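Q: here is my input, please return the structure:
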Amino acid sequence: MVPEYESNGYFIVKNAINENEVQSLINSLNVFEKDINHYGIRNLMKKLPCIRELALSVPLLSLAKEILGDKAKPVWTAFFDKLPDANWNVAWHQDTSIVVNTKANIVGFSAWREKQGVMHVEPPEEYLSNMVTLRVHLDSTNTETGVLRVVPKTHGDGRVKSKNILEIVERSEVMECTANMGDVLLMNSLLFHSSRKATKPKHRRVIHLEYSAMSLPKPLEWYER
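A: Reported below is the predicted structural model:
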């Protein structure tokens, strides 16, 4: 797994979570169904204890440690769904910001912004290249349901300006990360990724978990660590 992940910037682990565990997670997430933005929930570990348990569970934490080493810990989580009334395109991008506890004037940390009362910032590139995202699939996902698309190996380009990402995508091979319920996609934060609108929208539920083995300079702390 590790050599392929390091080369391509992503890897899919089949059947990492069993069907009973998936159904239990779905049942827990149903608490958000009446929320206006129930198709996108941020800071999930702070809202549902079962998500912290999932992030720290042996199957997932061991995957993160394979990539990042024994100090790997979950630092941020979110939930995404695609539904008929929440069916959107996600443009090609890299995940270049992290979620922290406060704002501070520290060299290399820039583009501060607040989302739902929580601070986001773009850190030095070394923090991004040493993170791994685990996307836990609660449903099968394919072209019809708005599957995640990636450009292999682009994590090796480092942080790329948005205006240049499309130019690179246009001359590169695009892969669709088709997955089944219970599969987990491992992805480097700097890998180019996007998704199209679902052509047959229905649930495409994904729990997004970010891990890091690095500490932040004080007074910054990972928001959910």
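
Q: ok, now how distant is Leu63 from Met175?
A: Relative to Met175, Leu63 is positioned 20 Å away (C-beta to C-beta, to the nearest Å). In this view, the C-beta of every residue, glycine as well, is placed from N, C-alpha and C.

Q: so which of the two has more stuff around it?
A: Between Leu63 and Met175, Leu63 has the larger neighbour count (other C-beta atoms under 10 Å), namely 22 against 15.

Q: list the buried residues of stretch 218-225.
A: Residues of stretch 218-225 classed as buried: Leu220, Trp222, Tyr223, Glu224, Arg225 (neighbour count, 16 or more other C-beta atoms under 10 Å).

Q: the second one against Thr77, yeah?
A: What that stands for is Trp222. No - the pair Trp222 and Thr77 does not pass the contact test of C-beta atoms under 8 Å, sitting 11.1 Å apart.

Q: residues in contact with His155?
A: Gly9, Ser129, Asn188, Ser189, Leu190, Leu191 (C-beta atoms under 8 Å, 6 or more residues apart in numbering).

Q: make it 6 Å
A: Contacts for His155 were tallied using C-beta atoms under 6 Å, 6 or more residues apart in numbering; they are Gly9, Asn188, Leu190, Leu191.

Q: and the two most separated of those residues?
A: Between all members of the contacts of His155, the longest pairwise span (C-beta to C-beta) is found for Gly9 and Leu190 and amounts to 7.4 Å.

Q: out of the contacts of His155, list just those in strands.
A: Judged by DSSP state E, the subset of the contacts of His155 located in strands is Asn188.

Q: pull up the pairing partners for the helix or strand of the chain with the lowest mean pLDDT, direction included.
A: Comparing helices and strands within the chain by mean pLDDT, DSSP states H and E singles out strand 40-42 as the least confident, with a mean of 91. Strands adjacent to strand 40-42 in the sheet, as given by DSSP bridges, are strand 73-80 (antiparallel).

Q: which element follows the strand it pairs with toward the C-terminus?
A: From strand 73-80 onward toward the C-terminus, using DSSP states H and E, the following helix or strand is strand 90-93.

Q: give me the low-pLDDT residue ranges for the chain?
A: Residues of the chain that meet the criterion pLDDT under 70 lie in 36.

Q: repeat that for 80
A: Counting by pLDDT under 80, the chain has low-confidence residues at 34-38, 83-87, 200-202.

Q: which residue lies farthest from the center of it?
A: Checked against the mean C-alpha position of the chain, the extreme residue using C-alpha atoms, centre = their mean is Asn105, at a distance of 26.5 Å.

Q: so which strand or helix has the nearest residue to Ile67 once chain neighbours are set aside?
A: Here the nearest residue to Ile67 in space, its sequence neighbours aside, is Val132; by C-beta to C-beta, 6 or more residues apart in numbering that works out to 4.6 Å. Taking DSSP H and E as the criterion, the element that holds Val132 is strand 131-137.

Q: what helices or strands is that strand leaning on?
A: Using 3 or more C-beta pairs under 6 Å, 6 or more residues apart in numbering; DSSP states H and E as the contact definition, the elements that strand 131-137 packs against are helix 58-68, strand 184-188, strand 206-212.

Q: okay, the ones you listed in TSV with distance to Pro124 next?
A: Below are the helices and strands packed on strand 131-137 laid out as TSV (distance: least, C-beta to C-beta, whole Å):
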stretch	distance to Pro124
helix 58-68	17
strand 184-188	16
strand 206-212	13
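
Q: out of those, nearest to Lys14?
A: Using C-beta to C-beta, the helices and strands packed on strand 131-137 put strand 184-188 closest to Lys14, at 8.5 Å.
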